[in-house]
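**Q** Sequence and predicted structure, then a few things I'm wondering about:
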Amino acid sequence: MKRAPILPYLILSFFISCSKDSVEQIEVNIPVGVVVPEEMVFIPEGDFIMGSADEKRTAKGKKKFLPAYLIDRFETSRNEYAELHSNYKFAENKGDFPATQLNYFDADSYCKLRNKRLPTEAEWEKAARGPDGRKWPWLVYYEHPNDGFSGFIPEPVAKRKDWIGPYGLYGTGHNVWEWTSDWYDYSGMPKAKRNKHKVIRGGLLQTHTMIRFSPTWYRNFQDPNNRFNFLGVRCARDIK
Amino acid sequence: MDQPKEKSIASRRNFLRALPPFLAGIFGYLFKGSAWAIPDHRNNKNIPKNYIQNRDIPGFHIRSANPFLGVDVNEWGLIIGGLVKKSLTLSYEDLFDFKSTKQISRLKCVECWSAKAEWEGFTFEEIVKRVQPLPEAKYVYFQSADSYYESYPLEELLRPRVLMVLKMNGNALSKNHGFPLRLIAPFKYGYKNVKYITRIDFRKERSRNYWADNGPYSIDGTIQPGIDHPLDYKKKPIPINGGEVFHFFDTPPS
């Protein structure tokens, strides 16, 4: 049987997936009976590649299976946080920016108030990265447009459609770092250092005036009592 | 020291302390604290060696926005005012009445290097207890003897490990490191850790700061996740997690 020529389709799909303004989305079949709230994304069960083989304090590129779950498409905005916390103040025209200055306990309690929970680190990474082990959620490397400034400049949570991941999540690898539920540890970590920091994921790396996206596998950590301008939250939920 | 000059210096200091606080505030504003107005040496390529200026000293670099000779403690006074119930003017000796506390912490320069020291001083809460800021005082402005200026939300100054520092590594601050008084906020870049403080003002609105007005630096200045080049690690690049810098998982070279 004669095979259809595949090369033109491969070239076409390459250009579609690498277009600056569109990131190819994984088609997901939502099981019957599963309700996906508008602000959340369904992540199907299955394997994904976690960590990087070149980074010893990660899962080193091993395959990991996760059951299906839901996760917020966007980082929690200031407006959303303030709906449940009337003493949370911010500039009037910045309500669609990420909620920050939240410690782990603030983040955890906020998600619970929404009948959600914090994602595990693995859930966060799979949702940001997809199953194919890519380094950048949006596949292609970009220079950050704010390069040349030393401070953190947050952006509206729904702003950067060209920087979304394959499951449609915004703000993974840029904007704020996000609390996860896991303690930071790694193979060979001294016992005395365990259970002291929570994993945070998905923000920017800044050194002097150089600003860089964080790769999908990049693990960061914070004392759960800390609150900073670069640290916010995204919630997840079990499938019921 | 000559008797007449000594008498003159003591008289000037006593004069400043005797002023009603609001007049001391005006006096201090007009003359930027006890250093009076100072010449601008920022673009001077031939700064005399005895001036405080940028120097890459092994162990702990010196940074100075506007080179100057340093503070004469006999002519220095700390003026605290603005939106407070009780303005204050304090001498150097008065600062030792505050409850003392010590800590070891890194100063991380936005330019990449960091260095560790033991700092001794008092918490900003000690000042707050004395002056009692009004409810609308949400921000604090610092004026420095070398014409530098900084600003903070009041809430950040009350966080743990923020100190008003009098001593470094067991000795009084040197002139290079901010004598007689500096701020240490370990979760902020070095440029936020203002030296030679002469005036503290409680305000309703946020003011700008020197390096936001003179360079690509943020007013906020929180240390972001990125890379550090600690001087005690021979500037080896080490990832940092944001906020106060600790190298949890690395040990310095022997």
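**A** Alright, I've got the coordinates.

**Q** Can you tell me the closest non-neighbouring residue to the residue in the stretch 151-254 of chain B that chain A sits nearest to?
**A** Relative to chain A, the nearest point of the stretch 151-254 of chain B is B:Ser218 (2.2 Å; Cβ to the nearest Cβ). Every residue, glycine included, has its C-beta placed from N, CA and C. For B:Ser218, ignoring the flanking residues on the chain, the nearest one in space by Cβ to Cβ, 6 or more residues apart in numbering or on different chains is A:Gly151 at 2.2 Å.

**Q** Now do the contacts for the nearest residue to B:Pro230 once chain neighbours are set aside.
**A** Leaving aside its chain neighbours, B:Pro230 sits nearest to B:Ser114 (4.7 Å; criterion: Cβ to Cβ, 6+ apart). Each residue near B:Ser114 by Cβ atoms under 8 Å, 6 or more residues apart in numbering or on different chains is listed here: B:106-108, B:228-231, B:245.

**Q** what do you get for B:Leu83?
**A** Under the criterion of Cβ under 8 Å, 6+ apart, the contact partners of B:Leu83 comprise B:133-134, B:136-137, B:202-204.

**Q** What are the contacting residues of stretch A:153-167?
**A** Residues from elsewhere that reach stretch A:153-167, judged by Cβ under 8 Å, 6+ apart: A:20-26, A:28, A:41, A:43, A:74-77, A:96-98, A:100, A:127-130, A:132, A:134, A:137-139, A:142, A:146, A:170-176, A:213, A:216, A:229.

**Q** coming back round to it: so the residue of the stretch 151-254 of chain B closest to chain A sits right up against A:Ser150, yeah?
**A** Yes: taking contact to mean Cβ atoms under 8 Å, the distance of 5.8 Å between B:Ser218 and A:Ser150 places them in contact.

**Q** low pLDDT regions in the chain?
**A** You didn't say which chain, so I picked chain A. Counting by pLDDT under 70, chain A shows low-confidence ranges at A:1-21.

**Q** wrong one, I was asking about chain B
**A** B:1-37.

**Q** which parts of it sit against chain A?
**A** Residues of chain B lying close to chain A (Cβ under 8 Å from any Cβ of the partner chain) are B:110-112, B:187, B:189, B:216-222, B:224-227, B:241-243, B:248-249.

**Q** change it to 7 Å
**A** Neighbours of chain A within chain B, by Cβ under 7 Å from any Cβ of the partner chain: B:110-112, B:216-218, B:220-222, B:224-227, B:241-243, B:248.

**Q** Filter these down to the ones in strands?
**A** Judged by DSSP state E, those include B:226-227 as members of strands.

**Q** which of the residues of chain B next to chain A are buried?
**A** B:110, B:112, B:217-218, B:220-222, B:224-226, B:241-243 (16 or more other Cβ atoms under 10 Å in any protein chain shown).

**Q** could I get those residues as TSV with distance to B:Val71?
**A** Listed next are these as TSV, based on distance: Cβ to Cβ, whole Å:
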residue	distance to B:Val71
B:Val110	24
B:Cys112	28
B:Tyr217	24
B:Ser218	28
B:Asp220	28
B:Gly221	23
B:Thr222	28
B:Gln224	32
B:Pro225	36
B:Gly226	33
B:Asn241	36
B:Gly242	33
B:Gly243	30
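
**Q** Which pair of these spans the longest distance?
**A** By the measure Cβ to Cβ, those have their two most distant members at B:Tyr217 and B:Asn241, which lie 20.8 Å apart.

**Q** Pop out the phi and psi values for A:Leu113.
**A** Per-residue torsions, A:Leu113: phi -60, psi -30 (degrees, to the nearest 10).

**Q** Equivalent analysis for A:Arg117, please.
**A** With angles defined as degrees, to the nearest 10, A:Arg117 shows backbone torsions of phi -150, psi 170.

**Q** Look up which helix or strand the residue nearest to B:His229 when sequence neighbours are not counted falls in, please.
**A** Of all residues not flanking B:His229 in the chain, B:Lys235 sits nearest, at 4.2 Å (Cβ to Cβ, 6+ apart). B:Lys235 is part of no helix or strand, with elements assigned from DSSP states H and E.

**Q** Now do B:Lys235 against B:Arg55, distance only.
**A** Summarising the geometry, the distance separating B:Lys235 from B:Arg55, computed by Cβ to Cβ, to the nearest Å, is 16 Å.

**Q** The closest residue to chain B within chain A: neighbour count?
**A** Here chain A gets closest to chain B at one residue, A:Gly151, 2.2 Å apart by Cβ to the nearest Cβ. The burial metric for A:Gly151, expressed as a neighbour count using other Cβ atoms under 10 Å in any protein chain shown, is 21.
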